[in-house]
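**Q** structure for the following, please:
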Amino acid sequence: MQIKAEKNNIDLKTFISEKLKISRSKAKSLIDTKNIFVNKKRTWIATFLLKKGDIISIPDIDLIKKESNIEIIYRDDFIIAVNKPAGIITDKTSDSFESQLKNFLNNENIKAIHRLDKETSGVLLFAKNNKIFETFKNLWKEKKVKKIYLSICHHVADFNKKEIKFPVNDKPAESFIEKISSENGLTLFKIITKTGRKHQIRIHLAKIGFPIVGDKIYGPSFIKEENLRNVKRHLLHCYELSYPCPFTKKNIIIKAKLPDDFLVFKNLMKEGKLL
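**A** Numbers count the residues shown, from 1 in each chain. All right, here's what the predicted structure looks like:
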């Protein structure tokens with residue numbers, strides 16, 4: 001939805017509240033999602049003063065509501081693997097995926113073994129109890145877990161493979177990226193991380209000039225194309241996770257299918273319907 005400001009010096013929160021006929025607190029919550037654009041520039045300051053003629057792009061509220069879809073993609077005697085949807089944090093809060101899975105399976109002992117960013121989708125592992133959790137933690141410490149991510153990024157890559165060694169939060173960080181395809185000004189990458197720093201992939205891709213589409217922190221603030229502005233989360237998906245089971249010694253490979261928003265955008269990219 002695009003709306004033109006009809007007067008000067010009305011703040012963004014008040015403007016959205018009046019136009020959508022919602023409370024100011026709900027308008028503030030909508031602004032806090034960082035999905036509002038003013039004159040094609042991402043804007044998340046509720047007190048931002050609009051000028052007459054400014055074009056405000058507001059997403060469909062239904063598109064940014066949190067969804068709690070529990071899709072179990074693998075389980076054994078030790079762990080449960082889910083395909084985590086975007087828009088929900090991994091653990092630590094009452095509305096986290098961990099809490100929902102505990103309720104869903106009626107097991108208070110379930111514990112997240114690792115984390116994905118709130119907006120990142122894909123393979124996420126949970127231990128069935130704390131003893132299993134402690135055992136699996138060693139796999140991460142010993143770097144025996146391999147994770148493969150997919151992402152759609154701004155700009156066309158002129159290389160096929162690249163190794164990125166750039167510190168994240170003053171700690172060494174390594175990522176290996178491989179171009180799958182480049183079309184219509186965007187690139188689909190496969191990423192393998194050797195380290196697991198917070199926001200590592202997002203930071204590394206932005207560092208080499210290929211920020212992830214939809215990234216509100218490391219991506220561009222000004223976005224010309226409407227379809228790109230309409231992406232509500234960063235398009236990063238943990239597609240595959242593999243590890244040697246510490247109990248059975250078998251090599252476990254778990255894959256998570258791409259979510260609908262990623263698939264839709266990937267198809268638009270391929271069909272040349274982005275602009």
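**Q** and the contacts of stretch 252-261?
**A** 73-74, 76, 81, 83-86, 121-123, 125, 150, 231-233, 235, 237-245, 266 (C-beta atoms under 8 Å, 6 or more residues apart in numbering). Quick note: C-beta positions are derived from backbone N, CA and C, even for glycine.
**Q** buried stuff in stretch 196-216?
**A** Judged by neighbour count (16 or more other C-beta atoms under 10 Å), stretch 196-216 contains these buried residues: 197, 199-206, 208, 210-215.
**Q** tell me the one of those residues nearest Thr33?
**A** Each of these was scored against Thr33 by C-beta to C-beta, and Gly214 proved nearest at 11.5 Å.
**Q** sorry, back to before: farthest pair within the buried residues of stretch 196-216?
**A** Arg197 and Val213 (21.3 Å).
**Q** what about Glu163, how many residues nearby?
**A** Number of residues near Glu163 (other C-beta atoms under 10 Å) recorded here: 10.
**Q** repeat that for His154.
**A** Using other C-beta under 10 Å, His154 is surrounded by 21 other residues.
**Q** now do the strands in the stretch 101-250 of the chain.
**A** Ranges of strands in the stretch 101-250 of the chain, per DSSP state E, counting those that start in this stretch, are 111-112, 121-127, 146-154, 161-165, 174-183, 186-193, 236-244.
**Q** reformat the ones you listed as JSON lines; add mean pLDDT and distance to Trp44.
**A** Listed next are the strands of the stretch 101-250 of the chain as JSON lines, based on pLDDT from 0 to 100; distance: least, C-beta to C-beta, whole Å:
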{"stretch": "strand 111-112", "mean pLDDT": "96", "distance to Trp44": "28"}
{"stretch": "strand 121-127", "mean pLDDT": "97", "distance to Trp44": "22"}
{"stretch": "strand 146-154", "mean pLDDT": "96", "distance to Trp44": "19"}
{"stretch": "strand 161-165", "mean pLDDT": "96", "distance to Trp44": "28"}
{"stretch": "strand 174-183", "mean pLDDT": "94", "distance to Trp44": "28"}
{"stretch": "strand 186-193", "mean pLDDT": "95", "distance to Trp44": "24"}
{"stretch": "strand 236-244", "mean pLDDT": "97", "distance to Trp44": "20"}
